[in-house]
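Enquirer: quick one, fold the following:
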Amino acid sequence: MSIKTFTAEKMPVALALVKRDLGPRAVILHTRTYKRGGVLGLGGRTVVEITAADAETVGRRTTRTPARIRPPGAPGADLIRRTYAPSGFDRQNRVSPEPVPPRSAAPDTADRGAVAATRASEPPIASHTEQLAAEMSAVKQMVGRMFQDQRQRSRTDGKTTPMPQHLLHHYLRLLEQEVAEELADEVVEQLRSSLDDDQMQQEGAVKQAVLDRLSKLIPTDDAADRLKPTADGRPRTIALIGPTGVGKTTTIAKLAAIFKLRQKKNVALITIDTYRIAAVDQLQTYANIIGVPLHVVLDPEQLESALNKCAGCDVVLIDTAGRSQRDDAKLEHLDRFVRAADPHEVHLVLSSTCTEAAMFDTVDRFSMIRFDRIIFTKLDEAVTFGVLLNVTRRVNKQLSFVTTGQDVPHDIEPGRPSRIAGLVLGEGV
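Expert: From the prediction side, this is the model:
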């Protein structure tokens, strides 16, 4: 039998869900890991089945086997079986009952009465909120210390100094936010060597030190929202590229509004996204509202002509068609447009709702096109923010802007390192 364990950030959630269903005396009786879905064993999800019961029931029915477990919600049910997906349950906290064969024999009347009496004497689930929060905190600390001790025991120097409590709290927060483990370790080790014992005992000092350290990991364009003079005398030409559905058109309209309405610059828009008529209509609507011209081009030759018409502008913004990172032919077609435009800045637009693997795949595939900046969109829809840190750290491109909603010209801001660091540590969008 193959037994798999939960990762540190997932196990506390699983325990909390079990205790929410069965109360504070819940105990785990059995776990089972298996694949669900897919075709011929491929593409299935790994799920973990947890069989649990309250402690009193376990003591009263130690001879019963899992085959006699009644389904949740059945009259007198005192054992419960839940199924969790380790790859995603911690993000949405969704729980789905796992159907099990109903008990063939009628439940014993005395046992049913005892269970009902036990349930009646327990406080409502809502009253366990504070207790669950305390238990979650305790489990976090226990798991964090366990991880730290394991790392320390693996070192050749033999030191086993425990991690200070406030630093441990933020370390676990980084892991919960899916910050890469090596980055979280790097931050912690640097702070352990830079903060003295008194500072380690001050929660505010530790949090600020973590924020400062995270901020230094994020390269940004400090003047992203302020136009710089160009060396070649052309209007500053900015192109946005990226996969479909990440919000390029809305983002380019927001940028046009920033430069036109706030900075009073002469702005022009160019779109080569002729594959989606709705996208052209949407951008035309934005252009009319903002009061800027829009040029629609079909090929690199028309693009050159449109750029010549914009020679008297301060800034030219180029919207491109979304391309699947799997379609090399269309990426090459997009590259020809970008080369013809020769923009001063090329921003790769990534949705913060995507997984880290999807973002890295996008970055790798779009690397055939020259880009020097990154824009993260849809921060208001993101579940965790550590992936933003991981991507900017690995790609080492400047973070220019982030967007936090659909409103034009609002919901866009320069990509400040302190902002991303704050999101990772729990500050609101």
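Enquirer: and the helix or strand hosting Ser305, what's buried?
Expert: Ser305 belongs to helix 300-309 when assigned by DSSP states H and E. Residues Pro300, Leu303, Ala306, Leu307 are the ones in helix 300-309 that count as buried (16 or more other Cβ atoms under 10 Å). Quick note: C-beta positions are derived from backbone N, CA and C, even for glycine.
Enquirer: stretch 244-263 too?
Expert: Those would be 246-260, for stretch 244-263 by 16+ other Cβ under 10 Å.
Enquirer: tell me where the stretch 301-429 of the chain has helices.
Expert: 328-341, 356-366, 386-395, 417-424 (DSSP state H, counting those that start in this stretch).
Enquirer: average pLDDT for the second one?
Expert: This means helix 356-366. The average pLDDT for helix 356-366 rounds to 91.
Enquirer: now the angle between helix 328-341 and the helix holding Ser305, please.
Expert: Counting by axes from the mean of the first three to the mean of the last three Cα atoms, to 10 degrees, helix 300-309 lies at 30 degrees to helix 328-341.
Enquirer: need the contact partners of helix 300-309.
Expert: Contact with helix 300-309 is made by Thr237, Ala268, Ile270, Ile272, His295, Val297, Val316, Arg336, Phe337, Arg339, Ala340, Ala341, as judged by Cβ atoms under 8 Å, 6 or more residues apart in numbering.
Enquirer: the last one and Thr237 touch, don't they?
Expert: Yes. Look at Ala341 against Thr237 with Cβ atoms under 8 Å: they come within range, at 6.2 Å.
Enquirer: can you dump the C-alpha atoms of the helix holding Ser305 in PDB for me?
Expert: The C-alpha coordinates for helix 300-309 follow below in PDB (Å, rounded to 0.1, in the frame of the first residue of the first chain):
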ATOM      1  CA  PRO A 300       3.400  44.300 -40.200                       C
ATOM      2  CA  GLU A 301       3.300  46.700 -43.200                       C
ATOM      3  CA  GLN A 302       0.100  48.400 -41.900                       C
ATOM      4  CA  LEU A 303       1.600  48.600 -38.500                       C
ATOM      5  CA  GLU A 304       4.600  50.600 -39.800                       C
ATOM      6  CA  SER A 305       2.200  52.900 -41.500                       C
ATOM      7  CA  ALA A 306       0.100  53.400 -38.300                       C
ATOM      8  CA  LEU A 307       3.300  54.100 -36.300                       C
ATOM      9  CA  ASN A 308       4.200  56.900 -38.900                       C
ATOM     10  CA  LYS A 309       0.700  58.500 -38.300                       C
END
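Enquirer: quick one on the thing from earlier: what's the closest of the buried residues of helix 300-309 to Ala329?
Expert: Proximity of these to Ala329 (Cβ to Cβ) peaks at Pro300, which lies at 15.7 Å.
Enquirer: going by neighbour count, list what's buried in stretch 263-273.
Expert: Lys265, Val267, Ala268, Leu269, Ile270, Thr271, Ile272, Asp273.
Enquirer: let me know the closest of the residues you listed to Ala52.
Expert: For these, the minimum distance to Ala52 (Cβ to Cβ) is 52.3 Å, reached by Asp273.
Enquirer: need the contact list for that closest one.
Expert: The neighbourhood of Asp273, defined by Cβ under 8 Å, 6+ apart, consists of Lys248, Thr249, Ala279, Val280, Leu283, Asp319, Thr320, Ala321, Gly322.
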